[in-house]
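>>> Pasted the sequence and its predicted model underneath.
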Amino acid sequence: MNPSALANLNSGIFGQFFGRYAEVFWLLFRIGFAFLVLQHGLQKTFLLWGFPADHELGALVDIAGVVELFCAAMIAFGVFTRLAGGAMTVQLVVAYLTAHSERGFWPHEYEEEGFESLHHGGEVVMAFFLCAGIIGVLGSGKLGLERLIFKKELF
């Protein structure tokens, strides 16, 4: 983060205490997000946790699983983080348009089951899209392997 952004983080009551740990919080955010994406990638790639083998989207889901696995690792370790965040945002737009948008915009709107059932799944894709986009813009920060090895982010 640039020095002026860090100066803003250090203002206010909470900022005076937590601002100095901004890079650590960013690392924890990246690792947490990567862990969630990794779970989805493992589920799609290896058909875990009840994921159906005969899904109607075919190879798109297989490609999405592999993209999620690689991007999760890249984001967690801070290697080509911006590239991984960009790839994830593209993959998530495709996922939303091909698998989730046909059920309507609102997450709980699924006529056969009613509003009590969460069958849409699009809200997770939307949240992941926002997180991946932010990671793609901000990169790994100071605590990424790429920056530690090369002293800068290459992508």
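Okay, I see it. Numbering: from 1, shown residues only.
>>> residues contacting the nearest residue to Val93 once chain neighbours are set aside?
Nearest residue to Val93, sequence neighbours excluded (CB to CB, 6 or more residues apart in numbering): Phe129, at 6.9 Å. The C-beta positions use only the backbone N, C-alpha and C, and glycine is treated the same way. Counting by CB atoms under 8 Å, 6 or more residues apart in numbering, Phe129 makes contact with Thr89, Leu92, Val93, Tyr96.
>>> May I ask which two of those are separated the most?
Thr89 and Tyr96 (10.6 Å; CB to CB).
>>> quick one: which of the contacts of Phe129 is most hemmed in?
Leu92 (25 neighbours; other CB atoms under 10 Å).
>>> where's it, which helix or strand?
helix 81-95 (DSSP states H and E).
>>> Could you list the residues in contact with that helix?
30, 37, 60, 64, 67-68, 70-71, 74-75, 125, 128-129, 132-137, 139-140, 144, 146, 153, 155.
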